[in-house]
Structures are given as C-alpha cells and as structure tokens.
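[1] quick one, structure for this:
(one chain, ligands or ions: 2)
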Amino acid sequence: MIQFKEVSKIFGTGKKEVRALDKVSFTVGSGEIFGLLGPNGAGKTTSLRLLSTLLKPTQGQITVAGLDTVKESQEVRNRIGFLSSDMNLTGSLSARELFRFFGDLNHIEEEEIANRSNRLIGQLKMGDFYERKVETYSTGMKQKALIGIALLHDPDIIIFDEPTNGLDIITGRVVLDILKDLKNRGKTLIVSTHIMSIAEKLCDRIGIIHKGTIRIIGTLEEIYEKTGEPDLEEAFFSVIGGVTEDEGYHHRSKKRA
Ligand SMILES: Nc1ncnc2c1ncn2[C@@H]1O[C@H](COP(=O)(O)OP(=O)(O)OP(=O)(O)O)[C@@H](O)[C@H]1O
Ligand SMILES: [Mg+2]
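    Ligands and ions are numbered 1, 2, ... in the order given. I've put the predicted structure just below:
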C-alpha cells in the first residue's frame, strides 16, 4: 500500500520558489492500479519521484508498505520498479546485457536473470532488437528496454511515469497489456498520464491533480457522479476549470473547440 500524507514539495527559494505539490494526500491499495491524471506541470512527475525516493518531501510523509521513503529509502527501493518519463538510454550495451547488469545489481542468480529476461523480451514483444546496442533503438524500443529494466527484479510496487508517452498504438497496447498482467499478478501500480483513454481503460481509481493539489479522487463512476459529467474528459475540464493558458495544456475537446 502507498500512502501520501499531506505531502508538499517546494523547489527553489525566494522569487524562484515553486510549490510543485501542496498538501497532497491519497492512498493506493494493494493490488490496485491508481492513475495520476493531470495537465503539464500539474505535479505528476514530482509525486512519482518523491514516491521513488529520488526526491524528499518539503513537508509531509510518504510510505510504501509502511516504510518511510526518506528514513527507509533503501528498503523502499528494493520493493519498487520505477519508470522515469525522462530517462534516456544510450550506450553500446544491448537490452539483454542491461537486463543482466540490473539483475546482478539486485543479486539475482544468473539462471533466474536469463529466465526473467526471456519472459520480458517475449511480453514486451522485443523481436530481435534486444541483442542490438541500445543506442540504435527507436523511442519505442528504448521504452520497452526501460520497462524491462524497471521490472526485472519483480517488484511488488510499480511506479510508471507516462509509460505510453511517444509510443505508437501498437507499442502502447503492448505496454497496457503488461500493466494489466502485473495487476493480475497482484502488483500495486501507480501510473501517471495525461491521456484520458489510458486512465479510463486501465485504472481502478483516478486522482486528478492540478497545480500541485489533488482536485478529485475516485473510481470513474465516482468521478462522473461527483462532477455530473458524462465522461472523463469533460470531468477533467470541469475539475481543472477549463482550458488554462499557463500550464500549456493544449488538448481541447471537440465540443469546446
Ligand atoms: N527540479 C525542479 N526545479 C524547479 N521546479 C521544478 C523542478 N521539477 C519540477 N518543477 C516544477 O514543478 C511543477 C510540477 O512539475 P512536474 O514535472 O511534477 O509536472 P508534471 O505533472 O509531471 O508535468 P508534465 O505532464 O509536463 O510531465 C512545475 O511547475 C515544474 O516547473
Ligand atoms: Mg511529468
């Protein structure tokens, strides 16, 4: 289980101060897929970096399976698989070699690394490019390799920031299928996105975040009921107060255009 308790994150000081998160509280239950939905700059990546122990909250506390992300960061890291939205993969190692490297880092036995790598290569539909240098990969191939790396140690808690960003419809489907399979295997998932259809198709519960605060949280039905809107896109605009300029959120619904 994941718990955010009154979490605030401030970057910079003085005039440059940015309050990226302001007293964010929510819980993700075991075995749940929780979607963090919000426009650009809302605070999704900041939330997931805090959860992944890469950042420390300015105020408040985050726990993962009861473990504090600041005081017990190593134990937390052992339990999570994190896919960053801005990681670039370069170098002359192949995906298979990277899997072996990260498997070693996690003290997984050689044979088990090979088994898991083969399973991931199949699930991720990596064709035969997994033997090629990662620097020769396309965006989608890199994303698949990064997902493999995040999952190799078989974490119970999966934190994916914009997992389908930049992917075509086919690769996007492969990734969604993997996320569903992880849920079926009892994993807890927290996924950020600004794509409505992903949130609708995938998530058990959704939190809409805007300007550093959670504006609404619940199942799709609960969100429709609370907002009185017929679909997630309309609910989203009603919750964030329409199309605003400063967040650079360019997606407009047809009805409003
Ligand atoms: N290291 C940093 N230093 C200063 N400000 C930051 C830093 N990281 C994030 N911010 C600010 O915090 C706010 C939230 O950013 P964040 O990256 O969490 O948004 P996001 O919801 O992931 O957006 P996107 O959809 O564009 O990825 C933004 O105003 C951003 O400029
Ligand atoms: Mg982001």
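[2] CA only for contacts and neighbour counts going forward, please
    Fine.
[3] which stretches in the protein count as strands?
    Residue ranges of the strands in the chain, as given by DSSP state E, are 2-11, 18-28, 33-37, 59-64, 67-68, 80-83, 157-161, 188-193, 205-210, 213-218.
[4] in the stretch 51-200 of the chain, what residue comes closest to ligand 1?
    Closest contact between the stretch 51-200 of the chain and ligand 1, by C-alpha to the nearest ligand atom, is at residue 194 (6.5 Å).
[5] in contact with that residue, which residues?
    37, 38, 39, 40, 162 (C-alpha atoms under 8 Å, 6 or more residues apart in numbering).
[6] what's the answer for residue 158, then?
    Contacts of residue 158 by C-alpha under 8 Å, 6+ apart are 80, 81, 82, 151, 187, 188, 189, 190.
[7] what's the local residue count around residue 129?
    17 (other C-alpha atoms under 10 Å).
[8] nearest to residue 166 among the contacts of residue 158?
    Set against residue 166, the nearest of the contacts of residue 158 by C-alpha to C-alpha is residue 82 (17.8 Å).
[9] what about the helices in the stretch 101-250 of the chain?
    Using DSSP state H, counting those that start in this stretch, the helices of the stretch 101-250 of the chain run over 110-123, 139-151, 169-184, 196-202, 220-227, 232-240.
[10] distance between the ends of stretch 225-239?
    Terminal residues of stretch 225-239 lie 13 Å apart, using C-alpha to C-alpha, to the nearest Å.
[11] any chance you could list what contacts that stretch?
    Applying C-alpha under 8 Å, 6+ apart, the external contacts of stretch 225-239 come out as 196, 200, 208, 215, 216, 220, 223, 224, 243, 253.
[12] ok, the residues you listed vs residue 116, which is closest?
    residue 200 (29.9 Å).
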